[in-house]
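J.: A predicted structure for the sequence below; I have some questions about it.
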Amino acid sequence: YILHKGRLHRMPPGLMLGIPTQIFPFMKTGLISPWGKLRAAMDLVLPRRQESGDESLGHFMERRLGKEVLEHIVEPLLAGIYAGDTRVLSLQSTFPQFHAAERKHRSLILGMMETRKQTAAASGLPAELKSSVFLTYKNGLETLVDALLRELRGANVETNRAIAAVRRQGERYEVVFADGDKTEADSVIITLPAFAAAGILAHLPSVRRLADIPYVSVANIVMAFERSDIRHDLDGSGFLVPRTEGRYITACTWTSSKWLHTAPECKALLRCYVGRSGEEHYVDLSDDELLQKVRTDLKEVMGVAAEPLFYEITRLHKSMPQYPVGHLDRLKQADEELQAAMPGVYLAGAGYRGVGLPDCIRQGKEAAERALSHVSLALGR
């Protein structure tokens, strides 16, 4: 669902990353006015942009589909992934497939329709999962971490130790811990947030400028209720909240509906999200203030007035990197400078080329391959 003018509206079927790929369900939705629907349909006839440079995600979406689709559907759905502002986020760094669809098909809607067909045909998922948007591990995401640790058996794994510096020592590198300890390495992969990596490599100007990448702070508030205390059918995965609604929460996941194994049938588990670009001060409210504001939103939106059986608040300070327009060009400069000065040292992680788990896994694999290649060449010498 998406909250619009204080009411929950079901997302129209056929949305792909917020882009309508089925015309009739989109025309029936109450999220967009008749004029807004007509403006979105103009994407089918508008010419493609001639310039090839980067632009903001918000500018691109408004140019193709209009302001209403941007503010009522795209912004809460796509900007919510980054807790960001679509008018600041880089299109090329966040959703390059949209740029590619416009270049190839001219129309964004037609391009995403074709992408949807190809994705459905090539998903490779078991039949019972092809209708689901969401997949996870039954015992939580720590399943992935535990598996990585098993694969690293025999390796020296250290945790909860801060790194102060990485220094070149001839053909090798010295890693300096904050407590003064040191260790040597043939290659180093730095997966820290951009501002932390920039501090460690501050002697490199282009890398140091990565500290300018903004990071947004957010908070998650999980609450458990008796199922009978919630009148809503909870017939979905939750709801998103556009900025224009003026709410404290940015979204609410109906966790026990999205993941059936997370609560008994007689209970309901809800997870609310607070904080996004320009609205980070809510994260630093006291637990009581934060809980009260979130419960007020739930009461007014869903009619949930009951006291939660329990709650848990998690604050994630400076956790959501914001890729500005031109982000990839800055990364290219940083990578070139880093490889010229410190070959065998690589950057990977959410601060660079994608915040999602698949993006981070891809970056990790690519960095590992580059590190292995560097070490192999060094041994060959």
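T.: Nice, I can see it. Just so you know, these numbers come straight off a predicted model, no measurement behind them.

J.: what mean pLDDT would you report for the strand or helix carrying A224?
T.: A224 is located in strand 215-226, with elements delineated by DSSP states H and E. Strand 215-226 shows a mean pLDDT of 97.

J.: can you check stretch 85-97 too?
T.: Mean per-residue pLDDT for stretch 85-97: 95.

J.: Where does the residue nearest the centre of the chain sit: helix, strand or coil?
T.: The centroid of the chain falls nearest to I81 when counting by Cα atoms, centre = their mean (3.7 Å). What DSSP: H, G, I helix; E, B strand; the rest coil gives for I81 is helix.

J.: For the nearest residue to it once chain neighbours are set aside, list the residues it contacts.
T.: With sequence-adjacent residues excluded and distances taken as Cβ to Cβ, 6 or more residues apart in numbering, I81 is closest to V355, at 7.1 Å. Just so you know, the C-beta spots here come from the backbone N, C-alpha and C atoms, and that holds for glycine as well. Neighbour list for V355: 81-82, 320-321 [criterion: Cβ atoms under 8 Å, 6 or more residues apart in numbering].

J.: can you check S52 too?
T.: Contacts of S52 (Cβ under 8 Å, 6+ apart): none.

J.: try 10 Å this time
T.: Listed by Cβ atoms under 10 Å, 6 or more residues apart in numbering, the contact set of S52 reads 92, 99, 103.

J.: a markdown table please, covering those residues and showing neighbour count and distance to I2.
T.: Output for those, formatted as a markdown table (neighbours: other Cβ atoms under 10 Å; distance: Cβ to Cβ, whole Å):
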| residue | neighbour count | distance to I2 |
| --- | --- | --- |
| Q92 | 21 | 26 |
| H99 | 20 | 25 |
| R103 | 12 | 29 |
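
J.: which of those residues lies closest to D335?
T.: Nearest to D335 out of the contacts of S52 is Q92 (Cβ to Cβ; 15.6 Å).

J.: helices or strands next to the longest helix seen in the chain in the packing?
T.: As assigned by DSSP state H, the longest helix anywhere in the chain is helix 357-380. Where contact means 3 or more Cβ pairs under 10 Å, 6 or more residues apart in numbering; DSSP states H and E, helix 357-380 is packed against helix 142-151, strand 188-190, strand 345-347.

J.: Quick check: chain neighbours aside, which residue is closest to G275?
T.: Using Cβ to Cβ, 6+ apart, the nearest residue to G275 is V218, at 3.8 Å.

J.: Contact partners for that neighbour?
T.: 83, 250, 273-276, 279-280, 282-283, 314-320.

J.: what about E51, neighbour count?
T.: Counted with other Cβ atoms under 10 Å, the neighbours of E51 add up to 6.

J.: So it: helix, strand or coil?
T.: Classified using three-state DSSP, E51 is coil.

J.: Quick check: end-to-end length of stretch 192-205?
T.: 18 Å (Cα to Cα, to the nearest Å).

J.: Check stretch 27-38 too.
T.: Using Cα to Cα, one end of stretch 27-38 lies 9 Å from the other.

J.: same deal with stretch 204-223?
T.: 46 Å.

J.: Number the chain from 826, please
T.: That works, and once the first residue is 826, the last one we named lands at stretch 1029-1048.
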